[in-house]
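Q: kindly generate the corresponding structure for this input.
(chains A and B)
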Amino acid sequence: MSAAVLAVEVTSTWYLVLAAALFCIGMVGVMVRRNPLVMFMCVELMLNAVNLSFVALASELGDIRGQTIVLFVMVVAAAEVVVGLGIVVAILRRRPKATADDLAELKG
Amino acid sequence: MELFVFICAAAMVLVGAIGVVVRSHPVHAALSLVLTLFGVAVLFVAKEAHFLAAVQVIVYSGAIVVLFLFVIMLLGVDNVEDLRIEPITVQRPLATVVGIGTLALLVTAVVQAQDSVRTGSGTGIDEAIATGDPDSNVRQIARDLFGDHVFAFELVSVLLIVAVVGTVLLSRRPDKSLTSDGGRR
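A: Model prediction:
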């Protein structure tokens, strides 16, 4: 690897572009997949993309508040996963093979 | 060196994310998610967010993914989803087009705006790092969290309690002794 390649500076723009790519992959996953568990995982991917851009901009601006917000996002994501998985468990216990297409009505 | 770290972590993140979307087995998808989360933790370290990197590994990889795996194994839904079945015919091409379009929009916006970000205009992460204090990141986050955002912090604790109680109510089996009197609860 030559010195010119090593001298390339990794700016925040790289991180933001990576976060955008991660967000779009997660978005496509939510739209394409039908297993509710995998859809939850794709939502986690999108949340991580947002966290990554928060941290990149916090470092770029030299402001710690971006990292504090990421902490809050993580807590809310944990709460969301707990409630969401509770609902998924309740649904799949009634209908073991349910996919997102079968869940058009709320009444069990 | 920074370039090398970024490329490795970015490859981890993207490979894991694509794995989550395309693997048909839910357990494989969850393990790909672990790869992505570790890559994001590496990027957090590269961006001087050491405390968040630790929290990322503990909360996401340690708790959330384990919760996913527990649910997969508890319910026995680890059957392979046949990805060739396409219930709505235009769904996948449309989703791909929307995804690529959003990516193009976001990348254009980021690249256009890269010169307008006011570098170092905040209250200073770099100063604390420059002083050589190894705990500076944790100390700064603590000062901000328990100073300016203490009310939001308390609200988050209420949210966690509500989530725990709600999940216990949701996943509890209906009590036979209470429902025997004509289904009244």
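Q: what's the offset of the helix of greatest length in chain A from the middle of its chain?
A: Longest helix in chain A by number of residues (criterion: DSSP state H): helix A:65-94. Averaging C-alpha positions (Cα atoms, centre = their mean, to the nearest Å) puts helix A:65-94 11 Å from its chain's average.
Q: just the buried positions in it, please.
A: Residues of helix A:65-94 classed as buried by neighbour count (16 or more other Cβ atoms under 10 Å in any protein chain shown): A:65-72, A:74-75, A:77-86, A:88-92. Where C-beta positions appear, they are placed from N, C-alpha and C, glycine not excepted.
Q: just want the most central residue of chain B.
A: In chain B, the C-alpha nearest the mean C-alpha coordinate belongs to B:Y60, at 6.5 Å (Cα atoms, centre = their mean).
Q: contact partners for residue 8?
A: Just going to use chain A. Taking Cβ atoms under 8 Å, 6 or more residues apart in numbering or on different chains as the contact definition, A:V8 lies against B:L3.
Q: hmm, no, I was thinking of chain B.
A: Counted by Cβ under 8 Å, 6+ apart, B:C8 has contacts B:V42.
Q: tell me which element it falls in.
A: helix B:2-22 (DSSP states H and E).
Q: now do the buried residues in the helix or strand that comes right after that helix.
A: Once helix B:2-22 ends, the next helix or strand along the chain (criterion: DSSP H and E) is helix B:26-46. Neighbour-count burial for helix B:26-46 flags B:26-27, B:29-44, B:46 (criterion: 16+ other Cβ under 10 Å).
Q: show me which of the residues you listed neighbour chain A.
A: Applying Cβ under 8 Å from any Cβ of the partner chain to these, one finds that B:26, B:29-30, B:33, B:36-37, B:40, B:43-44, B:46 fall near chain A.
Q: using TSV, lay out those residues together with pLDDT.
A: Shown next, in TSV, are these (pLDDT from 0 to 100):
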residue	pLDDT
B:P26	87
B:A29	91
B:A30	92
B:L33	94
B:T36	94
B:L37	94
B:V40	94
B:L43	93
B:F44	92
B:A46	90
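Q: now the residues you listed as a markdown table including distance to B:A163?
A: A markdown table is the format used below for these (distance: Cβ to Cβ, whole Å):
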| residue | distance to B:A163 |
| --- | --- |
| B:P26 | 23 |
| B:A29 | 24 |
| B:A30 | 21 |
| B:L33 | 21 |
| B:T36 | 24 |
| B:L37 | 20 |
| B:V40 | 23 |
| B:L43 | 28 |
| B:F44 | 25 |
| B:A46 | 32 |
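Q: quick one: which of those is nearest B:A17?
A: B:T36 (5.1 Å; Cβ to Cβ).
Q: for the closest residue to the closest one other than its chain neighbours, give me its contacts.
A: Take B:T36 and drop its neighbours on the chain: the residue closest to it by Cβ to Cβ, 6 or more residues apart in numbering or on different chains is B:G16, 3.3 Å away. By Cβ under 8 Å, 6+ apart, B:G16 lies in contact with B:32-37, B:39.
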